[in-house]
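Visitor: Just need the structure, nothing else, for what follows:
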Amino acid sequence: MEILDAVFVYQMHEKQELMWHQRVHSHEEGSFEIHYFVSGSGTFTNGNKWYTITPGSLFVTSDETEHSITTDEGANLTYYATLISCPLQEELFTKLEIKHPLHIGTNWRFFFEEVRDKALSSKEELRLSACHQLLGFLYNLLAGSVSERATGSHVRLEKAIRHMQRHVFDNLSLNQIASHVDLDPSYFVRLFRKRMNTTPMKYYSSLQLEAARALLTSSDLSIKEIAAKLQFCSEFHFSKQFKASTGSSPSLYRKTHLQLLGN
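Guide: Numbering: from 1, shown residues only. Have a look, this model is predicted:
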């Protein structure tokens, strides 16, 4: 059992990015993919069936089934995709697949964020933890015990993250984000750190770098233009932050990933 890939696709809209994610493809035997859509709209095609994508919808694709994503014009889809190799659980994925579309609400982003972080960890124990968390979630989903999480502070954090996502190019301040969810900035930081294991501004910075990675691989904007679009004070500062986050310079990241897309 292994999570082979876990990605967060932010506001899919650039031409090359659309071509990549809208391609019809399948995965090898024993591999299954979960798509969880946070925002936007479009169509999810699975085998010979197609389904409407709405915020909070989830789709499970069994091994070797061809599938694709089509976004509505201007919809800017945002979603998590998790590819897991789990040959012994084929029956689970098949049963979930016939229940499409699965609607779980948009407040599960915290769960998929955590699974993604653990799946990409260098520690084997955390990667295995991510696998078991995901399987546990899917069995609960099959049993009908998964529902919208919509109480208390969790809702405010979800609202804050949606606001950060919508304004990723606007260089928000902590006070602006806290004000949007009607919380004192100090309390908001404590609440956010407790749930997300990071501060709001570090999380916002990670969203900006997610957007930077998307722009580097799916647009013709120069590195200087991307830095300016994300409102970094200089190209040098942007490059420094980007390398600290990815281990690669923006130019090398672009070159490497464009080669992968070409393949």
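Visitor: okay, how far is it across stretch 104-122, tip to tip?
Guide: Stretch 104-122 has an end-to-end distance of 30 Å (Cα to Cα, to the nearest Å).
Visitor: Touching that stretch from outside, list them.
Guide: Residues outside stretch 104-122 that contact it (Cβ atoms under 8 Å, 6 or more residues apart in numbering): 3, 6-8, 36, 38-39, 55-58, 80, 82, 126-127, 129-131, 133-134, 137, 141, 146-150, 154-155, 157-158, 161, 195-196. Where you see a C-beta, it was placed from the backbone N, CA and C, and this is true even at glycine.
Visitor: Do me a favour and get the backbone dihedrals for F32.
Guide: Main-chain torsions, F32, degrees, to the nearest 10: phi -130, psi 150.
Visitor: Next up, the contacts around it.
Guide: 60-63, 83-84, 86, 89-90, 93.
Visitor: Next, please give the residue ranges for the helices of the stretch 151-263 of the chain.
Guide: 152-166, 174-180, 185-196, 200-218, 223-229, 235-246, 250-262 (DSSP state H, counting those that start in this stretch).
Visitor: deepest of those, which one?
Guide: helix 200-218 (a mean of 19; mean count of other Cβ atoms under 10 Å).
Visitor: okay, and for the chain, where does confidence drop off?
Guide: Within the chain, the stretches with pLDDT under 70 are 10-22, 147-153, 257-263.
Visitor: excluding its backbone neighbours, what's nearest I53?
Guide: The shortest distance from I53 to any non-neighbouring residue, by Cβ to Cβ, 6 or more residues apart in numbering, is to G42 (4.4 Å).
Visitor: no wait, L4
Guide: Nearest non-adjacent residue to L4, counting by Cβ to Cβ, 6+ apart: L83, 4.5 Å away.
Visitor: Wasn't the one you found part of a strand?
Guide: Yes - under DSSP: H, G, I helix; E, B strand; the rest coil, L83 sits within a strand.
Visitor: Quick one: residues contacting it.
Guide: 3-6, 27, 31-33.
Visitor: Buried ones from those, can you make that a ChimeraX selection?
Guide: Entered in ChimeraX, the line below selects the buried ones among the contacts of L83, by 16 or more other Cβ atoms under 10 Å:
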select :3,6,27,31,32,33
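Visitor: Dump the contacts of L83 into TSV; add distance to F111 and secondary structure as well.
Guide: TSV is the format used below for the contacts of L83 (distance: Cβ to Cβ, whole Å; DSSP: H, G, I helix; E, B strand; the rest coil):
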residue	distance to F111	secondary structure
I3	14	strand
L4	19	strand
D5	17	strand
A6	12	strand
H27	22	coil
S31	21	strand
F32	17	strand
E33	17	strand
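Visitor: so what are the domain limits for the protein?
Guide: The chain breaks down by automatic domain parsing into domains covering 2-143, 152-262.
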